[in-house]
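>>> the sequence and its predicted three-dimensional model are supplied below.
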Amino acid sequence: MKVLVATEKPFSKVAVDGIQKIVEGAGYTFAKLEKYASPAELLAAVADADALIVRSDKVTKEVVDAAKNLKIVVRAGAGYDNLDLAACSERGIVAMNTPGQNSNAVAELALCMMVYISRNQFTPGTGSELKGKTLGIQAYGNVGRLVAALAKGFGMKIMAFDPFVPAEKMEAEGVEVAKDLNELYSKSNFVSLHIPATEQTKGSIGAALLKEMPKGGCLVNTARKEVINEAELMQVLGEREDLKYITDVAPANYAELKEKFGNRVFATPKKMGAETAEANINAGLAAANQIVDFFTTGNKRFQVNK
């Protein structure tokens, strides 16, 4: 079996060495393609791979079709919208992610963003504190729970909405449960997004919800840019001079947003959520272990396609 690590933006050396050790320790062949300059390089590299590990690299139908021996692809990270799940399913290829491996990194970034935007992006002027503010968490999964735990340390009140998590579980962790998104947005000084980009969620965060936020409210997005209705975000920021938006994924209209709204908006220069040494290593090693487990026992626990 040949396991290929294909990363336009490579893992750290420690992570790569760890992945190689796991793969070769199981008796498989290890190969890597790093910093490739064109899709053609990826197509050539996957031709004889039985397993593929990627980060944010796009595994399109073209890639899947070129990988004649491919049996499993693992996205080292939580989000998997870079994988063509339909193409994988059509070929009988198992697609997985590695949930939870970068959760702490993303959670810490979300709180840092709240501090940064509250202190006027560290420019002169009077800012505000997080203590006593209400934080609304949209999606109470791995990241959402960690955000809640960290925010409690700042003295914030926590509210959450997640139709897939039992209310009693959230309440047991000291979280007030919102009955719907309107209540979450209307009662939260900050709303932190942790939803995936699906057909149901793309463009779902727009004027109707943002207008519900109290005076001085701030939307924090460490999830996916696709969940934001960018035209409506522009509209609401224009109508509500008190609202703020901070994101780990720059919107397509970021230059215009920044020009119009200045320190009320901020986007990281590139996606930073998982950019810690710990997350990099954890996700890579988890991907390798899941592949070995799949080949040896058939375990499909983290499969995301059908």
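Alright, I've got the coordinates.

>>> ok, A87 - contacts?
By C-beta atoms under 8 Å, 6 or more residues apart in numbering, A87 lies in contact with T60, K61, V64, D65. For every residue, glycine as well, the C-beta is placed using N, CA and C.

>>> phi first, then psi, for the residue nearest to the last one when sequence neighbours are not counted.
Closest residue to D65 apart from its sequence neighbours, by C-beta to C-beta, 6 or more residues apart in numbering: A87 at 7.4 Å. Geometry field for A87 lists phi and psi as phi -60, psi -40, criterion degrees, to the nearest 10.

>>> beta partners of V59?
Assessed by DSSP bridges, V59 has beta-bridge partners L83.

>>> right, and it touches D81 too?
No. Using C-beta atoms under 8 Å, V59 makes no contact with D81, being 10.7 Å away.

>>> and these two? Which one has more around it.
V59 (25 against 15; other C-beta atoms under 10 Å).

>>> quick one: list the elements packing against the longest helix anywhere in the chain.
Longest helix in the chain by number of residues (criterion: DSSP state H): helix 277-297. Applying 3 or more C-beta pairs under 8 Å, 6 or more residues apart in numbering; DSSP states H and E, one finds that helix 277-297 makes contact with strand 2-7, helix 13-25, strand 51-54, strand 72-75, strand 94-97, helix 103-118.

>>> what's the burial count for the residue nearest to G141 when sequence neighbours are not counted?
Leaving aside its chain neighbours, G141 sits nearest to H194 (6.3 Å; criterion: C-beta to C-beta, 6+ apart). Look at H194: counted by other C-beta under 10 Å, it has 27 neighbours.

>>> state the distance from H194 to I291.
From H194 across to I291, the span is 26 Å (C-beta to C-beta, to the nearest Å).

>>> please apply the same query to N305.
For N305, the distance to I291 - C-beta to C-beta - is 15 Å.

>>> which of the two has more neighbours?
Legend: neighbour count by other C-beta under 10 Å for N305 and I291, higher for I291 (27 against 19).

>>> got the contact list for that one?
V3, V23, A51, I53, I72, V74.

>>> A287 is in contact with the second one, correct?
Looking back up the chat, that one is V23. No. Using C-beta under 8 Å, V23 makes no contact with A287, being 10.2 Å away.

>>> so these two - more neighbours on which side?
The residue with more neighbours, out of V23 and A287, is A287; 32 against 24, by other C-beta under 10 Å.

>>> what's near enough to touch that one?
I19, I53, V74, R75, A76, M96, T98.

>>> and which of these is nearest to A252?
Nearest to A252 among the contacts of A287: R75, at 23.3 Å, using C-beta to C-beta.

>>> ignoring the adjacent residues along the chain, who's closest to the closest one?
N97 is the one closest to R75 (C-beta to C-beta, 6+ apart), at 4.8 Å.

>>> remind me which residues of the stretch 51-200 of the chain are low pLDDT?
Applying pLDDT under 70 to the stretch 51-200 of the chain flags no residue at all.

>>> if I look at the residue lying closest to V74 once chain neighbours are set aside, how far off is D50?
Distances taken as C-beta to C-beta, 6+ apart put A287 closest to V74, at 4.1 Å, once the chain neighbours are dropped. Per C-beta to C-beta, A287 is found 14 Å from D50.

>>> check contacts around the closest residue to G203 other than its chain neighbours.
Computed as C-beta to C-beta, 6+ apart, the closest residue to G203 that is not its neighbour in sequence is N229, at 4.6 Å. By C-beta under 8 Å, 6+ apart, the residues touching N229 are G203, S204, I205, G206, A207.

>>> give me the phi and psi angles of the first one.
Looking back up the chat, that one is G203. phi 70, psi 10.

>>> that one contacts A231, correct?
No. The pair G203 / A231 is not scored as a contact, 9.2 Å apart, by C-beta under 8 Å.
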